[in-house]
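Undergrad: Predicted model and sequence below, questions to follow.
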Amino acid sequence: MAFFIALALLVLFLLWLVGLYNRLVRARNEVRNAWSQIDVQLKRRWDLIPNLVETVKGYMQHERETLEAVTRARQQAISISGDVAARAQAENILSQTLRSLFAVAENYPDLKANQNFLALQEELTSTENKIAFARQYYNDAVLRLNNLIQMFPSNLIASQFHFTPEVFFQLEAAEERRRPEVKF
Amino acid sequence: MWELIRANQRRSNLLMGAMGVLLLATGWAVGETVFAAPVPGVLVAAGLWLVQSEVALRSGHKLLMLVSRARPVSKQDHPILFNVVEEMSVASGLPRPPEVYILDEDAPNAFAAGMGPERAAVAVTAGLLERLTRDELQGVIAHEISHIKHRDVRYLTLMAVMAGSVVILADFARRVLFFGGVRRRTSANQRGAAPIYLVALVLILIAPLVARLMYLALSRRREFLADAGAAVATRYPEGLASALEKIERYWSPMANANPATAPMFIVNPLVNPLAAVETLFSTHPPTAQRVRILRSLAGTVSFAAFDQAFRQVTGRPVGVVPAAALRQESVPVRQPSSDPRTALDRLRQTTDLLWRLGGYSFIPCPCGTTLKVPPIYRGQTLPCPHCATPHPVVAPASSPQA
């Protein structure tokens, strides 16, 4: 009898371990999935920019510097691969140059009446939104994974199977950085 | 998020089990009273359940869209609507964005359908597109996507199917008993089964009512949860709040809504929200209450903050959010985004969309006019009404389906 109880307890314990492991795997997959969402949107933005520059060029001859800054920032962002933090910084710069481009465009009424420009503006604004939302989702996923990796008892399994903490994607706009983060 | 979905699912399964028991009991009652043999009745009920669930699982969302006369739209028909749907599916982590449909109705409203995050659809009315700014539209779409993500639409569809089966069975029994089942009743009485027979009779009378109550049991609570989900996903509760106000203000009865689909809309399309009284049969919580809760989320949003606001506004001691979801991070509320479109721009985009769906083709003229050519136009060219430039008319490759 005692043997069977011990056996049952052992089986339960093993099942519990498997459950913990699966939770870790699920969390890691979610991080990867969330990252690919960001990646898709970042690439989409790179693809849209040459079109935008082409459309805007004819109208904004006096804003060569702004346009060049955008093109340069895009090149810079494309050339970086791998490191999440470095990529976030490059994309951050690209966002800022784009924002100043659209701010300058406000001074050109002809440009603002151009259907092509309006469509591109909507696409880029939406892509920016998607990047922001995807980043939010990604950071949530990273937080969940990192918590599992660092907290007892899942940390024992995590270290055994080489789960490593992921890096947050910080893509701060100036006004966002100023606001204090509230965490519980 | 997973904790919330799991808690939701537990409740769903419980109610679905209860509904299944009710369905089989109704089958038994029908067998007892009509055929004087309970087993065939139960079998009929089980068969009906299986067939209908199969149909619902296979093509539930397409069927619902068909019933509501919603038509599929593509990205070029309304880029902003599509972008907003994509943004919100990214924010909620859906594996892919739901299909987008439009309802040619003036009342602003929206609903979602689907069997899971991979196969889902959202539908909005033309009146909604016309009246809502981008932020407001985002709130509404986020609410609908929350329903998809929380598996509410799947549950509602399956429950609607079961409730429908109960009503069909009870209806059948009533007809037979009141218009020709007298002989069978006496034979049942002769066998001395009177008490059981009476129980079966009462069951047939109250089953449809019970089915309806069960169908609606979770719908109000889930509306609140979808509101909470939308606030968290958009990080801008004011968008949904002011959208709800507009939906309420411009409410009018909808031609193609019915009691089965009504709980799926963001605001009940059959009951005027301004005149509604909250009862056991209400599909939705009062709109004003939903708006007040959303508005009292200032600074940061999270499920916990929503729960607290809910308790404050309704005065109820127990919140709506499952305990497991309360531990989630709170996020700062974002700034409102700018929508350069005027009311006229929105109206134009919406009517253009309806025209495209009606098979009209668009020809831009260099003078700034856009010619809208009806599908029945048979001429080779059409002169511009402003500058008289003739334009060649190309017949549309395939006429869009109605």
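TA: Ah, there it is. Numbers count the residues shown, from 1 in each chain, chains lettered A, B, ... in the order given.
Undergrad: Could you tell me which residues of the stretch 201-350 of chain B lie near chain A?
TA: Within the stretch 201-350 of chain B, the positions near chain A by C-beta under 8 Å from any C-beta of the partner chain are B:Ala233, B:Arg235, B:Gly299, B:Thr300, B:Ala304, B:Arg327, B:Glu329, B:Ser330, B:Val331, B:Pro332, B:Gln335, B:Ser337. For glycine as for every other residue, the C-beta is placed from the backbone atoms N, C-alpha and C.
Undergrad: hmm, 10 Å instead?
TA: B:232-235, B:299-300, B:302, B:304-305, B:326-335, B:337-341 (C-beta under 10 Å from any C-beta of the partner chain).
Undergrad: What of the stretch 51-200 of chain B?
TA: So the stretch 51-200 of chain B meets chain A at B:76, B:79-80, B:82-84, B:86-95, B:134, B:138, B:142 (C-beta under 10 Å from any C-beta).
Undergrad: From those, which land in helices?
TA: Residues of these located in helices (DSSP state H): B:79-80, B:82-84, B:86-92, B:134, B:138, B:142.
Undergrad: can you give me the helices for chain A?
TA: A:2-57, A:64-79, A:84-105, A:109-113, A:115-150, A:154-160, A:174-178.
Undergrad: out of those helices, deepest packed?
TA: helix A:115-150 (a mean of 20; mean count of other C-beta atoms under 10 Å in any protein chain shown).
Undergrad: rewinding a little: of the residues of the stretch 201-350 of chain B next to chain A, keep whichever come out buried.
TA: Neighbour-count burial (16 or more other C-beta atoms under 10 Å in any protein chain shown) applied to these gives B:232-235, B:300, B:302, B:304-305, B:326, B:328-331, B:333-334, B:339, B:341.
Undergrad: Got a ChimeraX select line for the buried ones in the residues of the stretch 51-200 of chain B next to chain A?
TA: Per 16+ other C-beta under 10 Å, the buried members of those correspond to this ChimeraX selection:
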select /B:79,80,82,83,84,86,87,88,89,90,91,92,93,94,134,138,142
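Undergrad: Now do the residue most central in space within chain B against B:Phe178, distance only.
TA: Centrality entry for chain B: nearest residue to the mean C-alpha point is B:Met264, 2.4 Å, by C-alpha atoms, centre = their mean. Going from B:Met264 to B:Phe178 by C-beta to C-beta, to the nearest Å gives 33 Å.
Undergrad: same check, this time on B:Thr26
TA: B:Thr26 is 17 Å from B:Phe178, by C-beta to C-beta.
Undergrad: B:Arg334 looks like it's in a helix, true?
TA: No - B:Arg334: not assigned to a helix; according to DSSP: H, G, I helix; E, B strand; the rest coil it is coil.
Undergrad: where does the residue nearest to B:Pro259 when sequence neighbours are not counted land on pLDDT?
TA: Excluding its sequence neighbours, the residue lying closest to B:Pro259 (C-beta to C-beta, 6 or more residues apart in numbering or on different chains) is B:Leu270, at 6.9 Å. Per-residue confidence (pLDDT) for B:Leu270: 80.
Undergrad: B:Asn256 is in contact with B:Leu270, correct?
TA: No - applying C-beta atoms under 10 Å, one finds B:Leu270 not in contact with B:Asn256, separated by 11.1 Å.
Undergrad: Mind telling me which of the helices of chain A the model trusts least?
TA: Among the helices of chain A, helix A:174-178 carries the lowest mean pLDDT (a mean of 42).
Undergrad: got the contact list for the residue nearest the centre of chain A?
TA: Nearest residue to the geometric centre of chain A (C-alpha atoms, centre = their mean): A:Arg135, 3.5 Å. Counting by C-beta atoms under 10 Å, 6 or more residues apart in numbering or on different chains, A:Arg135 makes contact with A:34-35, A:37-38, A:41, A:88, A:91, A:168-171, B:90-91.
Undergrad: can you count the residues close to residue 163?
TA: As the question left the chain open, I've gone with chain A. By other C-beta atoms under 10 Å in any protein chain shown, 20 other residues sit near A:Phe163.
Undergrad: um, chain B though
TA: Neighbour tally, B:Ala163, other C-beta under 10 Å: 24.
Undergrad: Which residue is the nearest non-sequential neighbour of the closest residue to chain A within the stretch 151-300 of chain B?
TA: Distance from chain A to each residue of the stretch 151-300 of chain B (C-beta to the nearest C-beta) is smallest for B:Thr300, at 5.3 Å. Nearest residue to B:Thr300, sequence neighbours excluded (C-beta to C-beta, 6+ apart): B:Ser330, at 4.3 Å.
Undergrad: Then A:Asn146?
TA: A:Pro165 (4.5 Å).
Undergrad: beta partners for the residue in the stretch 301-402 of chain B positioned nearest to chain A?
TA: Nearest residue of the stretch 301-402 of chain B to chain A (C-beta to the nearest C-beta) works out as B:Pro332 at 5.1 Å. Counting by DSSP bridges, B:Pro332 is bridged to B:Thr300.
Undergrad: doesn't B:Ala305 make contact with it?
TA: No - counting by C-beta under 10 Å, B:Pro332 stays clear of B:Ala305, with 11.4 Å between them.
Undergrad: coming back round to it: in strands, which of the buried ones among the residues of the stretch 201-350 of chain B next to chain A fall?
TA: Among these, the residues falling in strands (DSSP state E) are B:Thr300, B:Val331.
Undergrad: hmm, back to that, which one of the helices of chain A lies closest to B:Val161?
TA: helix A:2-57 (31.0 Å; C-beta to C-beta).
Undergrad: Could you confirm whether the closest one reaches chain B?
TA: Yes - against chain B, helix A:2-57 shows contacts by C-beta under 10 Å from any C-beta at A:Arg23, A:Arg26, A:Ala27, A:Glu30, A:Asn33, A:Ala34, A:Gln37, A:Ile38, A:Val40, A:Gln41.
Undergrad: For residue 181, give me the pLDDT.
TA: By default, I'm working from chain A. Here the pLDDT value assigned to A:Glu181 is 43.
Undergrad: that answer is for a different chain, and I need it for chain B
TA: 52.
Undergrad: got it, and A:Leu171?
TA: pLDDT, A:Leu171: 57.
Undergrad: Name the nearest of the contacts of A:Arg135 relative to A:Leu10.
TA: Out of the contacts of A:Arg135, the member with the shortest distance to A:Leu10 (by C-beta to C-beta) is A:Ala34, at 36.6 Å.
Undergrad: Distance to A:Leu111 for the contacts of A:Arg135 - can I get that in JSON lines?
TA: JSON lines is the format used below for the contacts of A:Arg135 (distance: C-beta to C-beta, whole Å):
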{"residue": "A:Ala34", "distance to A:Leu111": "36"}
{"residue": "A:Trp35", "distance to A:Leu111": "35"}
{"residue": "A:Gln37", "distance to A:Leu111": "32"}
{"residue": "A:Ile38", "distance to A:Leu111": "30"}
{"residue": "A:Gln41", "distance to A:Leu111": "25"}
{"residue": "A:Ala88", "distance to A:Leu111": "30"}
{"residue": "A:Glu91", "distance to A:Leu111": "25"}
{"residue": "A:Phe168", "distance to A:Leu111": "37"}
{"residue": "A:Phe169", "distance to A:Leu111": "32"}
{"residue": "A:Gln170", "distance to A:Leu111": "33"}
{"residue": "A:Leu171", "distance to A:Leu111": "27"}
{"residue": "B:Val90", "distance to A:Leu111": "29"}
{"residue": "B:Ala91", "distance to A:Leu111": "31"}
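Undergrad: Please tell me how far B:Phe178 sits from B:Leu169.
TA: Going from B:Phe178 to B:Leu169 by C-beta to C-beta gives 15 Å.
Undergrad: now swap in B:Gln335 and tell me
TA: Taking C-beta to C-beta, one finds B:Gln335 at 55 Å from B:Leu169.
Undergrad: if you go through chain B in chain order, where are the helices?
TA: Going by DSSP H, chain B shows helices at B:2-30, B:38-67, B:79-92, B:126-131, B:134-149, B:152-179, B:182-190, B:194-216, B:219-234, B:237-249, B:287-295, B:303-314, B:343-357.
Undergrad: follow-up on the earlier one: quick one, what contacts the residue nearest to the centre of chain B?
TA: Neighbours of B:Met264 in contact, by C-beta under 10 Å, 6+ apart: B:64, B:68, B:110-113, B:123, B:144, B:147, B:152-153, B:156-157, B:160, B:219, B:257, B:283.
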